[in-house]
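Enquirer: sequence and predicted structure are below.
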Amino acid sequence: MANQTFTRDELRKYNGQNGAAAYIAIDGIVYDVTHSPAWKNGIHHGYQAGYDLTDALYKVSPHKDRVLANLPKVGTLVGEE
């Protein structure tokens, strides 16, 4: 995993829009979903990349955290919630 850290404000820049990479945070780990077909233009089932989606993953997603093992880890989320 990369040693890069992201604040919530920094993470929002990685929303998959206008050529930006698409990153999401889950349980404090930031994952790169840029090349995932399920995250076209940084959007997946109404969720936008660039955010901490921990709650959505565990409360809404049918696949829970099984898909995370296939995603590149790019860093950690730091700072207040």
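Expert: Looks like it came in fine.
Enquirer: isn't Gly42 up against Ala22?
Expert: Yes: at 4.1 Å, Gly42 counts as touching Ala22 under the criterion of CB atoms under 8 Å. All C-beta atoms are positioned from the backbone trio N, CA, C, and that covers glycine.
Enquirer: tally of neighbours for Leu68?
Expert: Leu68 has 15 neighbouring residues, counting by other CB atoms under 10 Å.
Enquirer: helix/strand/coil for the one residue sitting closest to the centre of the chain?
Expert: Residue closest to the mean C-alpha point of the chain, counted by CA atoms, centre = their mean, is Ile24 at 0.8 Å. Put simply, Ile24 is strand when judged by DSSP: H, G, I helix; E, B strand; the rest coil.
Enquirer: of all the residues in the longest helix along the chain, which ones are buried?
Expert: Selection of the longest helix in the chain by residue count, based on DSSP state H, yields helix 54-59. By 16 or more other CB atoms under 10 Å, the buried positions in helix 54-59 come out as 54, 56-57.
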